[in-house]
Structures are given as structure tokens and as C-alpha cells.
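Participant: no sequence on this one, just coordinates:
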RNA sequence: UCCGCGUUAGCUCAAUGGUAGAGCAUUCGGCUGUUAACCGAAGGGUUGUAGGUUCGAGUCCUACACGCGGAG
């Protein structure tokens, strides 16, 4: 069982500072997971992730790694940690999100999901058992159950059936983990995913079904898929009350800096999102002074750093004008430098949030920051 | 000097005599468990100049200017 400890609780909200331990190290919460779908956080070398960005854990993806390079290569490499030379914890998503994002290429059946590979059109069938088996081959420290991430809006009738499917699969995921063993030396834990779209009674049912199964931690899935932000906050707030206090809580796919702080306040411990990396590649940078686009012409002769308070590699060495030039010229260094900065900012944000919770000042700090 | 080809958006180029467009560039948006170094929108034109033919000319005719190639 994954041991999650709460270090300090906020007096005025559900925010909490804690940590959990894996065989690849401790993760202090609240924490943000850089997204490394294909065994790489796009445009950022593992060395920067560890030393400059101070990432404590990264997320990777079962579906993508299964298609390429494939489980045979991953096993030959001795697992993903060895393969990508990353020595800290890895969490793998199951492919449930690809049910949502590759909706034209898949068919959902009662016992699993049929995918047409987006790479070569070949057919693949994902079941809860199969997804656990692949995550064994990957060797992720934290595995995710196979679920269905439904779009927004979602008809009630569809959400009822989908939530039941995710609950049924949760049982099979759990059994598959109990029936199999890790291929490598590290322990592997399994997190359940609470679904239910925007319907509170379905979130309640989903949470109840999953809590019974005693997962190592619990995620909220199916949010940040297009619903209004207030609705996302409300569902998060509602759902964290249904989740065990002594298990890590993961809000999948969220989000913007303000979404993360608001969700910490509502009791979430870990987050992942493509936003800092994808937006970096699209010339959008985050800072303590807000978000801005290095595409804008006003930065062409702005020789200040992206953020005067930032201590990241990019800000220590380069100006906005230079970054803008690199983006305009289509130079790949732009993608790397902006990604390093954004991830550094996201990590600093959650690390600072943790410190503020411990100091008993989270609420005031959050209000000033958002 | 003659012959041929060419001249259309900032650039490279489209457009059977019938509402002048595209790509790139520029400017501005959007990205939330990555099919995304991606996607979208906007601005931008006396079609080299001056005439002519025609209901109508970027398109046909004449002259001139400029560029490229060839001949002498």
C-alpha cells in the first residue's frame, strides 16, 4: 500500500501539505507532474528536469509507449526508468484519456477498448488486464486504471453507463495487479480514477465503488474537458470530500496556474498538464506577473528576462527579445528554453504553495497570487 | 542593336476575356490525464507605365521602362 502522509493541513480550507514514498524517491505534495507522454518531456532533457526544474516525478503514457517503442523494447531496456535514464518516480496514464482524445480511432466495448493506431492504423485491444501488463513492462511507480474519460457535454444516460463501465473495469484492474508481479525491483502502486462527468450523484457512486476497492490513491478524471471553470472547481470540491483523507488525491489534466491553486484549496495533492510544455512550444510563457505571448511584437526589443523573480536556466541567461527572435526564426532552442522556464515556474508554484500551507498562510498567499 | 521570356500582396508564385487568390512573412487569438515545434483569424493589391480593342482586360494589341537569357 502506498504510504501517504499529511504534514500540515490548512486551517481555512481543504489544502494539505504531505508526501508519499516510492522506491524511486519521495514526492512532496502538492506537486505538479511534467508530462512526458513518449518517455520524454518534450524539448526538455532529463538533466534539466532534475537539476534546474526540480521535478520530483513525471507522467508518461501507456498507450503511446505501447505503440512505440513497444513493450518488447521497454523490457529489454529494463523498464522506462533505465530506458530514458530517469531515476525518480514515474506515473503512467493508462490510455483512458486517449479514449477521449482519439475518439475517431476507437470503439468502446464492455470488456475493453479497440484502438486503431494513429501511427499505422493497426488494430489494438486494450483491456484492464492488458493495461496493467503494459504498465508492468514500463515499470512505472504509479499505475493508473483503465477508465473512460467522457467529453463535455455528456448526456446523463451516457454518463451513467460510462461511470459503471469505469467501476467494472476498476475491479478488473485491481485483480490484474494482484495476480501479477513487478518485472523490476521497484514496487508498483495502482490509483483508481473517479468519473461521473458533471453529475454529482455519479461522482458519488463512482467514488463509493472505487473506495471500496482500496486503491493506493485516487484520481479525479473527466474534468478540464471543456466545462466552465466554475463547474470544474465545484466538481473537484464535491469529489475530494468523497476521497479518503489518508490517500493521495490526483486531479488529472489540470491545469492553468490558477486552476492548480484553486484545486489545492479544494484538497488536491497532485496535478499534471501539458499546458506548461505545449504552450511553451507555442511561445506562451507563465510568470508571477501573469501569462504572456512572446509572439507579440512589443517584446522584440525587450531585453529583460521573462520574470525578474525567476531563477531558471532560461531567465538566468536570456532575454525576452532573444527568445522572441528564436521563435520568429523557428529555432528549436526557443522550444527548449521556454519549456524549461514554464516547468520551473509550475514547480516553483506548487513548492511555494506547499510552504505556504506549512506556514499557515496559504489562503492569503493564494488570493494575492491568483 | 535585334530576338525571346518575364514584370500580379513584403517575398515566391496562381488566376479558358467575366467578382484578383495561395504558400511563406507580418499582426493577433486559441491550446488543460499531448495524434499538437500545432490550429485558427485578420491586415495587406490603381496586376511595371501610358494608350488602344471590347459590354467587360491581370489576360488581347501598340509604345515605353525595367529584369533575365540568347544572337550580333
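Facilitator: Structure's in. What do you need? Because the structure is predicted, anything quoted here is derived from the model rather than measured.

Participant: Can you name the residue of the stretch 201-350 of chain A nearest to RNA strand B?
Facilitator: residue A:255 (2.3 Å; C-beta to the nearest atom of the strand). For every residue, glycine as well, the C-beta is placed using N, CA and C.

Participant: Just the mean pLDDT for the helix or strand that residue A:107 is a member of, thanks.
Facilitator: Secondary structure assignment for residue A:107, by DSSP states H and E: strand A:106-109. Across strand A:106-109, pLDDT averages out at 94.

Participant: What of stretch A:138-145?
Facilitator: Mean predicted confidence for stretch A:138-145 is 98.

Participant: and residue A:155, how many neighbours?
Facilitator: Other residues lying near residue A:155 total 11 when counted by other C-beta atoms under 10 Å.

Participant: er, residue A:229 I mean
Facilitator: If you count neighbours by other C-beta under 10 Å, residue A:229 ends up with 13.

Participant: what's around the closest residue to it other than its chain neighbours, how many residues?
Facilitator: Excluding its sequence neighbours, the residue lying closest to residue A:229 (C-beta to C-beta, 6 or more residues apart in numbering) is residue A:259, at 7.1 Å. Neighbours of residue A:259 under the rule other C-beta under 10 Å: 23.

Participant: which non-adjacent residue is nearest the residue nearest the centre of chain A?
Facilitator: Nearest to the mean C-alpha position of chain A, by C-alpha atoms, centre = their mean, lies residue A:272 at 2.3 Å. Nearest non-adjacent residue to residue A:272, counting by C-beta to C-beta, 6+ apart: residue A:33, 3.9 Å away.

Participant: The one you found contacts residue A:91, doesn't it?
Facilitator: Yes: contact between residue A:33 and residue A:91 holds when scored by C-beta atoms under 8 Å: they sit 6.1 Å apart.

Participant: if I look at the two, which residues touch both of them?
Facilitator: Counting by C-beta atoms under 8 Å, 6 or more residues apart in numbering, the contacts common to residue A:33 and residue A:91 are A:57, A:58, A:59, A:272.

Participant: from those, which is closest to residue A:49?
Facilitator: residue A:58 (6.9 Å; C-beta to C-beta).

Participant: Pull the contacting residues for that closest one.
Facilitator: A:33, A:34, A:35, A:36, A:41, A:49, A:86, A:88, A:89, A:90, A:91.

Participant: Show me those that map onto strands.
Facilitator: In strands, judged by DSSP state E, the following of those are found: A:33, A:90, A:91.
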